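Peer 1: I would like to see how this sequence folds:
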Amino acid sequence: MNSNPIGIFDSGLGGLSVWEALYDLMPKESMLYLADSKYAPYGHRPQSEIIQLSIKNMDYLLDHGCKIVVVACNTATTNAIDVLRQSYSIPIIGIEPAIKPAALNSKTGVVGVLATRGTLASSLFTKTAALYAKDRKVIEQYGDGLVTLIEAGEVESDQMHDLLLKYLNPMISAGIDYLVLGCTHYSFLRNQLEAILPPEVKIIDAAAAVARQTKNVLKAHDLLSDGMHQPRLRFYTNKDRSVMQRFLQSHPTHKIIEQVDF
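Peer 2: Here you go, the predicted model:
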């Protein structure tokens, strides 16, 4: 099992930011990334459908021998992680908005959260916010349309800029000093976000924390690669692979990018 891959799935390309954090921390590990772009975004779908899509992705990754699965999607984590952990015996790592560190470190007492409808409406997010941000003002903003544009490769488009201005201006006016990215797709918007936000506003996501937790769990289960095998990096999508290729072209690693049915 040690040389088996780490499985990663997301509703599309957003989880590549999590993959990068995992690779930076564990470059000797093989990894299989699954982009369910055919059904992106998950954020507007009912919980029952998100669970079924997550099970479909889990089954595919397990069929390909993954030793652990990282759910690199906030919406899938907040809506399906409990069901997945009850249904499968392998370790499963989730990701959710990093509202805890934002709330604990905020000086203004005002924190912004940009996320999908599915994440913000979930009971897990509600519980986390109530636990760690009860004495903070939390401004929640649906990121409607952002994932669709990212999946289309329109990260730097005028339409994207206009949407970000619309979503961020009320937060800026309210005096946020932290912006929590509650969707892994939004990590690809960091440059645009920094250009709009005042310099004192910190942008925070959970990718690095998820990578550290994944390594800790692998170590605890004695599943870390021994480094004796050449790691394989595979990226599968059920939609046109050209957008994924563009997102990964700057990364120097040898990788396999394929369009598959799942």
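Peer 1: going forward, measure contacts between C-alpha atoms and count neighbours the same way
Peer 2: Will do.
Peer 1: could I get the full set of strands for the stretch 51-200 of the chain?
Peer 2: For the stretch 51-200 of the chain, the strands defined by DSSP state E, counting those that start in this stretch occupy 68-71, 92-93, 110-115, 137-142, 178-182.
Peer 1: helices of the stretch 1-150 of the chain, start to end?
Peer 2: 16-25, 47-63, 74-87, 99-105, 117-120, 123-132, 146-151 (DSSP state H, counting those that start in this stretch).
Peer 1: that older thread, okay if I get the strands of the stretch 51-200 of the chain as JSON lines plus distance to Ile257 and mean neighbour count?
Peer 2: JSON lines is the format used below for the strands of the stretch 51-200 of the chain (distance: least, C-alpha to C-alpha, whole Å; neighbours: other C-alpha atoms under 10 Å):
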{"stretch": "strand 68-71", "distance to Ile257": "19", "mean neighbour count": "25"}
{"stretch": "strand 92-93", "distance to Ile257": "23", "mean neighbour count": "20"}
{"stretch": "strand 110-115", "distance to Ile257": "28", "mean neighbour count": "26"}
{"stretch": "strand 137-142", "distance to Ile257": "31", "mean neighbour count": "18"}
{"stretch": "strand 178-182", "distance to Ile257": "26", "mean neighbour count": "27"}
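Peer 1: circling back to that earlier point, any idea which of the helices of the stretch 1-150 of the chain is most buried?
Peer 2: Mean neighbour count (mean count of other C-alpha atoms under 10 Å) peaks for helix 117-120 among the helices of the stretch 1-150 of the chain, with a mean of 23.
Peer 1: which strands or helices does that helix pack on?
Peer 2: Judged by 3 or more C-alpha pairs under 8 Å, 6 or more residues apart in numbering; DSSP states H and E, helix 117-120 is in contact with helix 74-87, strand 137-142.
Peer 1: now that helix: mean pLDDT?
Peer 2: Averaging pLDDT along helix 117-120 gives 96.
Peer 1: could you shift the numbering so residue one becomes 7, and keep it that way?
Peer 2: Happy to do that; since the first residue is 7 now, the last one works out to helix 123-126.
Peer 1: which other residues reach that helix?
Peer 2: Contacts to helix 123-126, defined as C-alpha atoms under 8 Å, 6 or more residues apart in numbering, come from residues 48-53, 80-81, 84-85, 131-132, 146, 148-150, 188.
Peer 1: swap the cut-off to 7 Å and go again
Peer 2: Here helix 123-126 makes contact (C-alpha atoms under 7 Å, 6 or more residues apart in numbering) with Gly49, His50, Asn80, Thr81, Thr84, Phe131, Tyr148.
Peer 1: can you tell me which of the residues you listed is closest to Phe241?
Peer 2: Asn80 (19.5 Å; C-alpha to C-alpha).
Peer 1: can you give me the neighbour number for Ser163?
Peer 2: 11 (other C-alpha atoms under 10 Å).
Peer 1: any stretches of the stretch 7-156 of the chain with poor pLDDT?
Peer 2: For the stretch 7-156 of the chain, no stretch is flagged by pLDDT under 70.
Peer 1: make CSV out of the strands of the stretch 57-206 of the chain and add distance to Tyr39.
Peer 2: As requested, these are exported to CSV (distance: least, C-alpha to C-alpha, whole Å):
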stretch, distance to Tyr39
strand 74-77, 9
strand 98-99, 14
strand 116-121, 22
strand 143-148, 26
strand 184-188, 20
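Peer 1: of all the ones you listed, which one is nearest Asn10?
Peer 2: Going by C-alpha to C-alpha, the one of the strands of the stretch 57-206 of the chain nearest Asn10 is strand 74-77, 8.9 Å.
Peer 1: packing partners for that closest one?
Peer 2: Identification of packing neighbours for strand 74-77 by 3 or more C-alpha pairs under 7 Å, 6 or more residues apart in numbering; DSSP states H and E yields strand 12-16, strand 98-99.
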